[in-house]
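A.B. asks: Predicted coordinates and the sequence they were generated for:
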Amino acid sequence: MSLLTSLTYVLPHRFLSSLARRLAYSTSPGTSRWLIDTVTKKFNVDLDEAANPDPRSYPSFNAFFTRALKPGARVADADPRALLMPADGHISQCGPIEDGRIFQAKGQSFTAAELLGDAAAAEPFRNGLFATVYLSPRDYHRVHMPWTGTLRETVHVPGRLFSVGTDAVANVPRLFARNERLVCHFDTDFGPMVSVMVGALLVSGVETVWSGEEIPAYGSAITRKDCRGKGVTLERFAEMARFNYGSTVIVLLPPGVAELAPELKAESPVRLGQALARLTA
């Protein structure tokens with residue numbers, strides 16, 4: 001375990017994330033330009049794909065970080081049976097949910113019930129499929145719909161804010177089920193589907209297209225929002241949410257409806273819109 005991962009057990013997570021948030025939203029030209037230039041150079045950000053490629057025109061680092069892509073920069077897989085990759089990034093892990101357990105790394109796993117904060121809600125996914133996608137600081141930070149779905153419920157699960165880097169994933173038990181997260185339940189024509197927006201150290205802000213900011217506010221209790229009857233239906237490939245600094249999205253699918261794209265494996269680079277899985281039912 002690295003020194004940084006060890007330190008995340010004792011660091012004041014929420015204080016550091018609140019500080020990072022103030023810096024990210026600062027409209028001071030000196031602060032925003034320094035942050036944008038630092039991230040652009042360190043992570044080799046491709047601004048040619050951005051709808052607005054001028055880094056000096058963004059009023060804050062967060063505006064730059066959540067930038068839109070220009071039309072056509074990403075396209076949906078042409079196969080109408082393809083469920084789509086929800087974001088740019090890398091596959092952390094993907095595969096079957098085995099009797100309710102989700103693989104994190106060698107020697108590490110967690111349950112779907114822990115991830116969703118609800119044993120009953122996890123039951124439809126007991127032997128289904130999962131894909132965990134890590135978004136790095138260089139990536140596009142908006143998350144899109146794998147398939148057309150109608151929002152049923154959101155669940156804000158407070159928690160820690162561990163790093164979600166490779167070392168932390170390998171060494172922190174139940175990492176994704178411990179970090180703060182927003183669970184989004186959708187009903188689709190094949191059954192339930194879940195997208196989980198997982199926060200991380202310095203990375204806890206989440207906004208959705210249907211209600212704006214969901215994380216923060218920080219809290220100590222699980223917060224549920226019943227969205228049934230509100231008509232929030234999002235089409236396949238439509239934007240769903242965004243991270244106000246990057247992290248991880250986890251998609252859960254029920255059993256018997258799809259097969260994961262065979263080329264996907266741990267550490268595979270992925271792009272929004274490519275095939276995540278294909279319907280079999």
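C.D. replies: Arrived safely.
A.B. asks: residues near Thr27, how many?
C.D. replies: Using other C-beta atoms under 10 Å, Thr27 is surrounded by 12 other residues. All C-beta atoms are positioned from the backbone trio N, CA, C, and that covers glycine.
A.B. asks: what do you get for the one 10 residues further on?
C.D. replies: For Asp37, the count of nearby residues is 12 (other C-beta under 10 Å).
A.B. asks: what sits against it?
C.D. replies: Contacts for Asp37 were tallied using C-beta atoms under 8 Å, 6 or more residues apart in numbering; they are Pro55.
A.B. asks: Verify the stated contact: Leu4 with Asp167.
C.D. replies: Yes: contact criterion C-beta atoms under 8 Å: Leu4 and Asp167 qualify, at 7.3 Å.
A.B. asks: which residues are common contacts for the two?
C.D. replies: By C-beta under 8 Å, 6+ apart, no residue touches both Leu4 and Asp167.
A.B. asks: So the nearest residue to Phe61 once chain neighbours are set aside: helix, strand or coil?
C.D. replies: Here the nearest residue to Phe61 in space, its sequence neighbours aside, is Leu35; by C-beta to C-beta, 6 or more residues apart in numbering that works out to 4.0 Å. Under DSSP: H, G, I helix; E, B strand; the rest coil, Leu35 falls in the helix class.
A.B. asks: Contact partners for Leu35?
C.D. replies: Leu35 neighbours (C-beta under 8 Å, 6+ apart): Leu23, Ala24, Phe61.
A.B. asks: List the ones among these that fall in strands.
C.D. replies: Under the assignment DSSP state E, the contacts of Leu35 contribute nothing to strands.
A.B. asks: Make a PyMOL selection of whichever of these turn out to be buried.
C.D. replies: To isolate the buried subset of those in PyMOL, counting by 16 or more other C-beta atoms under 10 Å, use the following:
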select buried, resi 23+24+61
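A.B. asks: Reformat the contacts of Leu35 as TSV; add pLDDT and distance to Thr31.
C.D. replies: Below are the contacts of Leu35 laid out as TSV (pLDDT from 0 to 100; distance: C-beta to C-beta, whole Å):
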residue	pLDDT	distance to Thr31
Leu23	88	6
Ala24	87	9
Phe61	93	8
